[in-house]
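> dropping a prediction and its sequence here:
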Amino acid sequence: MERFGVKASPSHNRSKTALYVTPQDRVTEFGSELHEDGGKLFCTSCNMVLNHVRKSAINDHLKSKTHTKRKAEFEEQSVRKKPRALTASLQCNSATQTEKITVIQDFVKMCLEANIPLEKADHPSVRAFLSRHVKNGSSIPQSDQLRKMYLPDGYENENQLLSREDC
């Protein structure tokens, strides 16, 4: 157009994307069909990430055949969990995880106090016994990892206890 001396109007040069729209803004705009987690916009019934910047992409998805099909399936299943972002899943520190660490630390402490080499934990019969009779016993790592990860903690704890007794 410039070749003929006609310039495009400024409205044609603008981008069609919304610059300052957050996923949470789109959730309030569209209601319960969408949810935000970890800074991303998710379709609740399809469990997929949507582009929160372009409203037309969200509208196109909500009108699609796959969305309407999945929404019908979602409504049939009354209880369905929302997907969590990876960061939220990794930050979860449940009671099971802390219990697992406690079992491993107690196992290392028992081995140290009874003068049992940590290599004995690698023996197949010890592994079978731990997995059968100890809760979270199958989660006890091999001896090299016990030595690297948990032995220094046990050593520091014992040093602290000994220094308190000396005083």
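Happy to help now that I have it.
> what residues of the one helix or strand residue 144 maps to count as buried?
In the assignment (DSSP states H and E), residue 144 maps to helix 143-145. Of the residues in helix 143-145, residue 143 count as buried by neighbour count, 16 or more other Cβ atoms under 10 Å. Where you see a C-beta, it was placed from the backbone N, CA and C, and this is true even at glycine.
> any stretches of this protein with poor pLDDT?
1-19, 78-93, 95, 153-162, 165-167 (pLDDT under 70).
> helices of that one, start to end?
Per DSSP state H, the chain carries helices over the ranges 10-13, 23-30, 55-63, 65-76, 86-91, 95-113, 124-133, 143-145, 151-166.
> mind checking which of those helices is nearest residue 40?
helix 23-30 (6.2 Å; Cβ to Cβ).
> so what does that closest one touch, helix or strand wise?
Secondary-structure packing of helix 23-30 (3 or more Cβ pairs under 8 Å, 6 or more residues apart in numbering; DSSP states H and E): strand 34-37, strand 40-43, helix 55-63.
> of these, flag the one that's most buried.
Of all the helices and strands packed on helix 23-30, strand 40-43 has the most neighbours on average by mean count of other Cβ atoms under 10 Å, namely a mean of 20.
> domains of this protein?
Domain assignment for the chain by the TED database gives 23-80, 95-150.
> got those domains as CSV, with distance to residue 164 columns?
Supplementary listing: those in CSV, determined by distance: least, Cβ to Cβ, whole Å:
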stretch, distance to residue 164
domain 23-80, 44
domain 95-150, 17
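> out of the ones you listed, which is closest to residue 163?
domain 95-150 (17.2 Å).
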